[in-house]
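Trainee: model the following, please.
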Amino acid sequence: MLNEEVLKAYEVLKKGGVILYPTDTIWGLGCDATDADAVNRIFAIKKRPPRKSFIILLDEAEKLPFYIEHIPEIAWDLIENATRPTTFIYQGVQNLPSKLIAPDGTIAIRIVRNDFCKKLINLLGKPLISTSANITGTATPLSFKEINQEIVNKVDYVIDPSTAVVEDAKPSTMIRFIDDYSFEVIRD
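Mentor: Residues are numbered from 1 along each chain as shown. Sure thing, here's the model as predicted:
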(Lines give C-alpha, C1' and ligand atoms only; values in the text may rest on other atoms or scores of the structure.)
Protein backbone atom coordinates (compact mmCIF):
# COMPACT_ATOMS: atom_id res chain seq x y z
CA MET A 1 0.00 0.00 0.00
CA LEU A 2 2.85 2.41 0.84
CA ASN A 3 4.50 1.84 -2.55
CA GLU A 4 1.16 2.49 -4.28
CA GLU A 5 0.89 5.84 -2.47
CA VAL A 6 4.47 6.70 -3.47
CA LEU A 7 3.64 6.02 -7.13
CA LYS A 8 0.43 8.09 -7.01
CA ALA A 9 2.24 11.01 -5.37
CA TYR A 10 5.08 10.76 -7.90
CA GLU A 11 2.64 11.00 -10.83
CA VAL A 12 1.13 14.17 -9.34
CA LEU A 13 4.51 15.76 -8.56
CA LYS A 14 6.02 15.14 -11.99
CA LYS A 15 3.06 17.01 -13.54
CA GLY A 16 3.70 20.04 -11.31
CA GLY A 17 1.14 19.12 -8.65
CA VAL A 18 0.99 19.77 -4.91
CA ILE A 19 0.53 16.99 -2.38
CA LEU A 20 -0.46 16.73 1.28
CA TYR A 21 1.84 14.12 2.79
CA PRO A 22 3.40 12.74 5.97
CA THR A 23 6.98 13.75 6.68
CA ASP A 24 9.28 12.52 9.43
CA THR A 25 7.92 15.34 11.62
CA ILE A 26 4.42 16.54 10.68
CA TRP A 27 1.94 16.48 7.79
CA GLY A 28 3.19 18.83 5.11
CA LEU A 29 2.42 20.47 1.82
CA GLY A 30 4.88 19.44 -0.84
CA CYS A 31 5.93 19.74 -4.45
CA ASP A 32 8.99 19.29 -6.64
CA ALA A 33 11.33 21.91 -5.15
CA THR A 34 12.79 22.65 -8.60
CA ASP A 35 9.38 23.52 -10.11
CA ALA A 36 8.91 27.28 -9.60
CA ASP A 37 5.21 27.20 -10.58
CA ALA A 38 4.43 24.46 -8.05
CA VAL A 39 6.39 26.36 -5.39
CA ASN A 40 4.26 29.45 -6.14
CA ARG A 41 1.10 27.37 -5.65
CA ILE A 42 2.24 26.36 -2.16
CA PHE A 43 2.86 30.02 -1.27
CA ALA A 44 -0.70 30.76 -2.44
CA ILE A 45 -2.29 27.80 -0.62
CA LYS A 46 -0.60 28.77 2.64
CA LYS A 47 -1.19 32.51 2.07
CA ARG A 48 2.48 32.88 2.93
CA PRO A 49 4.54 36.04 2.33
CA PRO A 50 7.13 35.43 -0.42
CA ARG A 51 10.03 36.48 1.82
CA LYS A 52 9.55 33.38 4.02
CA SER A 53 11.21 30.33 2.50
CA PHE A 54 10.42 26.62 2.87
CA ILE A 55 12.34 23.57 4.04
CA ILE A 56 13.68 21.27 1.33
CA LEU A 57 13.77 17.50 1.86
CA LEU A 58 16.40 15.20 0.40
CA ASP A 59 16.60 11.43 0.67
CA GLU A 60 20.36 11.24 1.18
CA ALA A 61 23.16 13.56 2.31
CA GLU A 62 25.27 12.68 -0.73
CA LYS A 63 22.93 14.87 -2.84
CA LEU A 64 23.66 18.04 -0.83
CA PRO A 65 26.57 19.22 -3.04
CA PHE A 66 24.20 19.56 -6.01
CA TYR A 67 22.18 22.19 -4.11
CA ILE A 68 24.81 23.74 -1.81
CA GLU A 69 28.09 25.20 -3.11
CA HIS A 70 30.07 24.45 0.06
CA ILE A 71 29.05 21.99 2.77
CA PRO A 72 30.53 22.97 6.15
CA GLU A 73 32.93 20.31 7.45
CA ILE A 74 30.89 19.82 10.63
CA ALA A 75 27.68 19.20 8.66
CA TRP A 76 28.53 15.61 7.79
CA ASP A 77 28.98 14.61 11.46
CA LEU A 78 25.87 16.47 12.57
CA ILE A 79 23.71 14.86 9.87
CA GLU A 80 25.01 11.39 10.66
CA ASN A 81 24.61 11.74 14.44
CA ALA A 82 21.27 13.56 14.68
CA THR A 83 18.97 11.62 16.99
CA ARG A 84 15.76 13.27 15.78
CA PRO A 85 14.72 15.04 12.55
CA THR A 86 17.05 18.00 12.09
CA THR A 87 16.95 20.73 9.46
CA PHE A 88 20.19 22.49 8.57
CA ILE A 89 20.44 26.02 7.19
CA TYR A 90 23.11 26.42 4.51
CA GLN A 91 24.64 29.32 2.57
CA GLY A 92 25.54 29.14 -1.12
CA VAL A 93 22.36 27.76 -2.68
CA GLN A 94 22.42 26.50 -6.27
CA ASN A 95 20.10 24.69 -8.69
CA LEU A 96 16.90 25.75 -6.89
CA PRO A 97 14.33 28.44 -7.78
CA SER A 98 15.28 31.86 -6.37
CA LYS A 99 11.93 32.07 -4.57
CA LEU A 100 13.09 29.26 -2.27
CA ILE A 101 16.18 31.14 -1.16
CA ALA A 102 15.72 33.19 2.02
CA PRO A 103 16.52 36.93 1.87
CA ASP A 104 19.83 36.22 3.66
CA GLY A 105 20.84 33.80 0.87
CA THR A 106 20.24 30.59 2.83
CA ILE A 107 18.16 27.46 2.40
CA ALA A 108 16.92 24.96 4.98
CA ILE A 109 17.46 21.29 4.08
CA ARG A 110 16.60 18.12 5.98
CA ILE A 111 17.71 14.60 5.11
CA VAL A 112 14.61 12.51 5.79
CA ARG A 113 14.43 9.16 7.49
CA ASN A 114 10.71 8.62 6.85
CA ASP A 115 10.29 5.64 4.49
CA PHE A 116 7.53 7.27 2.41
CA CYS A 117 9.53 10.48 1.87
CA LYS A 118 12.77 8.66 1.07
CA LYS A 119 11.07 6.50 -1.56
CA LEU A 120 9.20 9.43 -3.10
CA ILE A 121 12.26 11.71 -3.31
CA ASN A 122 14.35 8.89 -4.73
CA LEU A 123 11.74 8.11 -7.41
CA LEU A 124 11.26 11.78 -8.30
CA GLY A 125 15.01 12.37 -8.39
CA LYS A 126 14.51 15.87 -7.01
CA PRO A 127 14.05 17.41 -3.57
CA LEU A 128 10.61 18.07 -2.11
CA ILE A 129 9.26 21.20 -0.51
CA SER A 130 8.18 20.60 3.06
CA THR A 131 6.06 23.11 4.90
CA SER A 132 3.46 22.61 7.58
CA ALA A 133 -0.06 21.97 6.30
CA ASN A 134 -1.62 25.15 7.62
CA ILE A 135 -2.53 28.68 6.60
CA THR A 136 0.28 31.04 7.63
CA GLY A 137 -0.35 32.39 11.10
CA THR A 138 -2.51 29.49 12.29
CA ALA A 139 -1.42 26.60 14.51
CA THR A 140 0.66 23.82 12.97
CA PRO A 141 -1.47 20.66 12.77
CA LEU A 142 0.23 17.74 14.51
CA SER A 143 -2.07 15.10 13.05
CA PHE A 144 -4.00 14.66 9.82
CA LYS A 145 -7.38 15.31 11.45
CA GLU A 146 -6.18 18.75 12.63
CA ILE A 147 -5.55 19.95 9.04
CA ASN A 148 -7.91 22.70 7.88
CA GLN A 149 -10.28 21.48 5.14
CA GLU A 150 -9.36 24.56 3.06
CA ILE A 151 -5.82 23.15 2.74
CA VAL A 152 -7.07 19.64 1.90
CA ASN A 153 -9.33 21.03 -0.85
CA LYS A 154 -6.53 22.98 -2.57
CA VAL A 155 -3.98 20.20 -3.09
CA ASP A 156 -3.89 17.81 -6.03
CA TYR A 157 -3.40 14.66 -3.99
CA VAL A 158 -3.68 13.62 -0.33
CA ILE A 159 -1.66 10.62 0.80
CA ASP A 160 -3.99 8.07 2.39
CA PRO A 161 -3.76 8.81 6.14
CA SER A 162 -4.24 5.12 6.96
CA THR A 163 -0.95 4.30 5.22
CA ALA A 164 0.96 7.27 6.57
CA VAL A 165 3.21 7.31 9.59
CA VAL A 166 4.49 10.57 11.08
CA GLU A 167 7.26 9.43 13.37
CA ASP A 168 7.95 12.55 15.45
CA ALA A 169 4.86 14.78 15.53
CA LYS A 170 6.59 18.10 16.13
CA PRO A 171 8.66 20.47 13.99
CA SER A 172 12.28 19.50 13.38
CA THR A 173 15.28 20.83 15.25
CA MET A 174 16.88 23.67 13.21
CA ILE A 175 20.59 24.37 13.07
CA ARG A 176 22.28 27.26 11.21
CA PHE A 177 25.91 26.90 10.14
CA ILE A 178 28.14 29.85 10.98
CA ASP A 179 31.31 28.51 9.32
CA ASP A 180 32.98 25.14 8.63
CA TYR A 181 33.20 24.21 12.31
CA SER A 182 30.55 26.16 14.20
CA PHE A 183 26.78 26.39 14.26
CA GLU A 184 23.86 27.67 16.30
CA VAL A 185 20.64 25.91 17.26
CA ILE A 186 17.70 28.01 15.99
CA ARG A 187 14.91 25.66 17.13
CA ASP A 188 15.30 22.73 19.49
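Trainee: longest helix anywhere in the protein?
Mentor: For the chain, the helix with the greatest residue count under DSSP state H is helix 2-14.
Trainee: buried residues, that one. List them.
Mentor: For helix 2-14, burial by neighbour count (16 or more other CB atoms under 10 Å) applies to 5-6, 8-10, 12-13. For the C-beta atoms, the positions are set from N, CA and C on the backbone; glycine is no exception.
Trainee: again, but for stretch 172-180
Mentor: Neighbour-count burial for stretch 172-180 [16+ other CB under 10 Å]: 172-177.
Trainee: ok, residues contacting it?
Mentor: 24-25, 55, 72-75, 78, 82, 84-91, 106, 108, 110, 183-188 (CB atoms under 8 Å, 6 or more residues apart in numbering).
Trainee: now the terminal residues of it, how far apart.
Mentor: Start to finish, the residues bounding stretch 172-180 are 22 Å apart (CA to CA, to the nearest Å).
Trainee: how close does the closest residue to residue 97 other than its chain neighbours sit to residue 62?
Mentor: In space, and not counting its chain neighbours, residue 97 is closest to residue 36: 4.1 Å by CB to CB, 6 or more residues apart in numbering. Taking CB to CB, to the nearest Å as the measure, residue 36 falls 25 Å from residue 62.
Trainee: for residue 30, same thing?
Mentor: From residue 30 to residue 62 the distance is 21 Å (CB to CB).
Trainee: for residue 158, same thing?
Mentor: Residue 158 is 31 Å from residue 62, by CB to CB.
Trainee: contact partners for residue 98?
Mentor: Counting by CB under 8 Å, 6+ apart, residue 98 has no contacts.
Trainee: related to what we said a few turns ago, show me which of residue 36 and residue 62 is the more surrounded one.
Mentor: Neighbour comparison, residue 36 and residue 62: the larger count goes to residue 36, with 16 against 9 (by other CB atoms under 10 Å).
Trainee: which phi and psi does that one have?
Mentor: Per-residue torsions, residue 36: phi -60, psi -40 (degrees, to the nearest 10).
Trainee: and residue 87, by the same measure?
Mentor: phi -100, psi 130.
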